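> sequence and predicted structure below; questions after.
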Amino acid sequence: MSASDNVQTVKDMYAAFQRGDRNAMIANCAENVELVLDSHAGEIPWYGMYQGHSGVNAQQDLQAEHVDITVFEQLDFLASENQVAVVNNVELVLKKNGQKVSLPRYVQIMTFDASGKLARVCEAYDPTPLLAALRS
């Protein structure tokens, strides 16, 4: 797939996420998709390693159990033939204590397989404000 095809797939997935259409989001994922959210796994309840469509559902359920995402803006897309890195601005509210958290440079790196399906997602960002809110 081309870089522009991959960017469009990512944009479609974000749109599906924004409207709460998990089935449309997962339709763009490979059967064996991997979510590698291991930075601070254990401290961030919805982080860990997830595999397959059931793993995506499990991660999304855990995330929804713990946070309300109030802002999810895509600021920049950096793409190649098999990867898209997206710089996001994310704001969320923790359900356990109502604390607001801002993650202004939340980067998601998405890798696509040969058929154009999302095969792997990993993330990079400064977790300091999220960890501080979770610990309070």
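Okay, I see it.

> every contact and neighbour count from this point should use C-alpha atoms.
Noted.

> for the protein, which segments count as strands?
Ranges of strands within the chain are 29-37, 48-51, 67-79, 83-94, 100-112, 118-124, based on DSSP state E.

> relative to Lys95, how far out is the residue nearest to the spatial centre of the chain?
In the chain, the centroid-proximal residue (C-alpha atoms, centre = their mean) is Gln108; its distance is 6.3 Å. Using C-alpha to C-alpha, to the nearest Å, Gln108 is found at 23 Å from Lys95.

> again with Leu62
12 Å.

> same deal with Asn28?
Counting by C-alpha to C-alpha, the gap from Asn28 to Lys95 is 29 Å.

> the more surrounded of those two?
In terms of neighbours (other C-alpha atoms under 10 Å), Asn28 is the more surrounded of Asn28 and Lys95; the figures are 18 against 14.

> tell me who's in contact with the closest residue to the more buried one other than its chain neighbours.
Spatially, and ignoring its direct neighbours in sequence, Asn28 is nearest to Lys117 (5.4 Å; C-alpha to C-alpha, 6 or more residues apart in numbering). By C-alpha atoms under 8 Å, 6 or more residues apart in numbering, the contact set of Lys117 is 28-30.

> how about the contacts made by Ser39?
47-48.

> would you list the contacts of Lys117 in TSV and tack on pLDDT?
Listed next are these as TSV, based on pLDDT from 0 to 100:
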residue	pLDDT
Asn28	96
Cys29	97
Ala30	97
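
> low-confidence ranges, the protein, go.
Of all residues in the chain, none has pLDDT under 70.

> 90 instead, please
1, 38-42 (pLDDT under 90).

> mind listing what's buried along stretch 55-63?
Buried residues in stretch 55-63, counted by 16 or more other C-alpha atoms under 10 Å: 55-57, 59, 63.

> picking that back up, wait, what's in contact with the residue nearest to the centre of the chain?
85-88, 121-124.

> now, which of these sits nearest Gln18?
Set against Gln18, the nearest of the contacts of Gln108 by C-alpha to C-alpha is Asn88 (13.2 Å).

> how about Ser80, nearest residue that isn't a chain neighbour?
Per C-alpha to C-alpha, 6+ apart, closest to Ser80 is Ala3, 4.7 Å.
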